[in-house]
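Trainee: Using only what follows, build the 3D model:
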Amino acid sequence: GDFEGEYYPLATSDSFPMVPGGMSAADELVLQSRSLLFKPKFGGVAGRGVFVNGAQDMAAWINEDDRVRFIVFHTGAEAVATLRRFQQAVDAALKQDGYALR
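Mentor: Below you'll find the predicted structure:
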């Protein structure tokens with residue numbers, strides 16, 4: 001679906017066991033070229049990364065500034081619809097884990 005993709009821990013991060021050492025230099029260059037990568041403003045790289053969907057038109061920056069930032073590369077009504085889908089996905093994940101925002 002829309003949200004299938006890959007998580008890229010920041011380079012040199014060891015906080016995600018499936019990708020020890022963080023993303024590769026090649027992945028870093030690709031994400032930078034597509035404006036999908038951030039640089040931490042403070043602190044280290046542990047626990048920080050980027051989730052990118054398969055189409056690379058949606059991303060979530062994890063702990064960019066100690067929070068999650070959602071990025072959508074659409075405009076107008078399409079951007080609104082995409083953000084609503086993000087909200088529904090987050091709500092479903094929280095509900096599955098026993099939390100509810102509403």
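Trainee: and the closest residue to G47 other than its chain neighbours, what does it touch?
Mentor: Nearest residue to G47, sequence neighbours excluded (CB to CB, 6 or more residues apart in numbering): S15, at 4.8 Å. C-betas here are computed from N, CA, C, even on glycine. The neighbours of S15, taking CB atoms under 8 Å, 6 or more residues apart in numbering as the test, are 9, 46-48.
Trainee: swap in D65?
Mentor: D65 makes contact with K41, according to CB under 8 Å, 6+ apart.
Trainee: ditto for G21
Mentor: Applying CB under 8 Å, 6+ apart, we find G21 in contact with 11-14.
Trainee: and it, what pLDDT?
Mentor: What the model reports as pLDDT for G21 is 96.
Trainee: swap in K41?
Mentor: Looking at K41, its pLDDT is 80.
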